[in-house]
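Engineer: Sharing a sequence plus its predicted fold:
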Amino acid sequence: MAERGIGPMAGKTVLVTGGTGGIGKATAAGLARLGARVGIVGRDRQRADAAAADIRRETDASAVDLFVADMSSQAEVRRLAAEVLDRYPRLDVLVNNVGGFWATRHTTADGLEHTFAVNHLAPFLLTNLLLERLEASAPARIVTVSSGAQSMGRIDFDDLQGERNYQGQRAYNQSKLANVLFTYELARRLAGTGVTANVLHPGVVRTRFGAEDPARLTKLLVPIARLFMKTPEQGAATPVYLASSPEVEGVTGRYFANGKPKRSAERSYDTDAAARLWSVSAKLVGSPDGPPSASASS
Ligand SMILES: NC(=O)c1ccc[n+]([C@@H]2O[C@H](COP(=O)([O-])OP(=O)(O)OC[C@H]3O[C@@H](n4cnc5c(N)ncnc54)[C@H](OP(=O)(O)O)[C@@H]3O)[C@@H](O)[C@H]2O)c1
C-alpha cells in the first residue's frame, strides 16, 4: 500500500469515468494506491460516495474526489467537464471507462440511442472538452476502455442510432469499435502535443456489466461464466498500466490487451472511417465545425 503522497503517480491527477463500480472503481483504486489524486465520475451520488469511501479505505488515500453526472446526457457531460476544469488546475490522465450493454433500444434525454451515446459520444465529448487542460498538463495520457467486441464491430453510418434495426450486441460491438477508431484519430490529431491516446480490452471481468438490461442468454449463462471471469482488479491491470507505467511513456495510438499491444480489428485502421466518425460525432454533440468547447451552451 502506497503511503499518502508517495508513489510513482504522486502529484498526478487522474479522472476515471464509471468509477463507482467494476473495472473503473478498481482502476481508480489502483491509481490511488500509486499515489495519484483520483476523481471518480458516477451518476448516482450515494453510489459515488460509497465507492469513494471504499477506495479511501482500501488504499489509504485521502485524495479521492467525486463528480456526479449522468453521462448519457450531453448537458451533464458539459457540466461535468466545467466542474473538472474548475476543480483541477491540471489533469494528467483521463480514463474513459464508462460504458455498458443494453439488450433493448433506449433513447437518452438528447433523443440518441443509449449505447452509442454512453459508450462513444460521452467519452468523445468529455475528451474534447478536457483536451486543452490535458495538453497544458503534458505529458498527459488518455486511456479508453474498449472491448474485444470491437473485433466484431461495424460502424453503420446509415443507421448509427439503430433506428431501423437494433440489436444489443450489434450496438455494443459498434460502440466498442468506435472507441478504437476515436482513439486512433485522436492520437493522430494529438501528434506532437505530448498527450497520448491508447485504447484497451480489459478481459472478461466479473462486474455489473449488462445488468441494467441483460440479454436473455446472458441471464442464463452469466452465473456460470462468472466463475471463470477476471476480478475487477485483474480487469483494471491494463488501464492502470496504460495510465501510469513509464514503459508506455510516449506510446500512442495503440490497442492493448493483457498489458500488451495487440492488433485491433482491420476496420479500426480505416482512416477515412475514423475521420467520418469524428465528424459525425462532432455534429451529434452539437459542434458542426470541429471539437466542441466547454463554454458551448448545453
Ligand atoms: N466486464 C467486462 O467483461 C468487460 C469486457 C470488455 C469491456 N468492458 C468495458 O469496461 C467498461 C467498464 O465496464 P464494467 O464491466 O466495469 O461495467 P459496470 O460494472 O456496469 O460499471 C460501469 C460503470 O459505469 C457507470 N455508468 C453506467 N452508465 C452511466 C451513465 N449513464 N453515467 C455515468 N456513469 C455511468 C456505472 O455507474 P453506476 O454505479 O451508476 O451503475 C459504473 O460505475 C465498459 O466500457 C465496458 O464496455 C467490460
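Structural biologist: All right, it came through fine.

Engineer: neighbours around the residue nearest to residue 204 when sequence neighbours are not counted, how many?
Structural biologist: Using C-beta to C-beta, 6 or more residues apart in numbering and skipping the chain neighbours, the partner closest in space to residue 204 is residue 229 (5.2 Å). For every residue, glycine as well, the C-beta is placed using N, CA and C. By the measure other C-beta atoms under 10 Å, the count of residues near residue 229 is 16.

Engineer: who touches residue 229 in this structure?
Structural biologist: Residues counted as contacts of residue 229 (C-beta atoms under 8 Å, 6 or more residues apart in numbering) are 203, 204, 205, 206.

Engineer: what residues does the stretch 151-298 of the chain put near the ligand?
Structural biologist: By C-beta under 6 Å from any ligand atom, the part of the stretch 151-298 of the chain that sits against the ligand consists of 201, 202, 204, 205, 207, 208, 209.

Engineer: typo on my end, the stretch 1-150 of the chain
Structural biologist: Within reach of the ligand by C-beta under 6 Å from any ligand atom, the stretch 1-150 of the chain has these residues: 18-24, 42-44, 47, 70-72, 97-100, 118, 145, 147.

Engineer: any chance you could map the helices in the stretch 1-150 of the chain?
Structural biologist: For the stretch 1-150 of the chain, the helices defined by DSSP state H, counting those that start in this stretch cover 22-33, 45-59, 74-87, 114-115, 122-136.

Engineer: Alpha carbons only: can I get the last one in PDB?
Structural biologist: Just to be clear, that refers to helix 122-136. What follows is helix 122-136, C-alpha atoms only, in PDB (Å, rounded to 0.1, in the frame of the first residue of the first chain):
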ATOM      1  CA  ALA A 122     -19.900  10.700 -23.900                       C
ATOM      2  CA  PRO A 123     -16.100   9.900 -24.000                       C
ATOM      3  CA  PHE A 124     -15.800  11.800 -27.300                       C
ATOM      4  CA  LEU A 125     -17.400  14.900 -25.900                       C
ATOM      5  CA  LEU A 126     -15.700  14.700 -22.500                       C
ATOM      6  CA  THR A 127     -12.300  14.200 -24.000                       C
ATOM      7  CA  ASN A 128     -12.700  17.100 -26.400                       C
ATOM      8  CA  LEU A 129     -13.900  19.400 -23.600                       C
ATOM      9  CA  LEU A 130     -10.900  18.500 -21.400                       C
ATOM     10  CA  LEU A 131      -8.300  18.400 -24.200                       C
ATOM     11  CA  GLU A 132      -6.800  21.900 -23.600                       C
ATOM     12  CA  ARG A 133      -6.300  21.100 -19.900                       C
ATOM     13  CA  LEU A 134      -4.700  17.800 -20.800                       C
ATOM     14  CA  GLU A 135      -2.400  19.500 -23.400                       C
ATOM     15  CA  ALA A 136      -1.500  22.100 -20.800                       C
END
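
Engineer: Cool, thanks, signing off.
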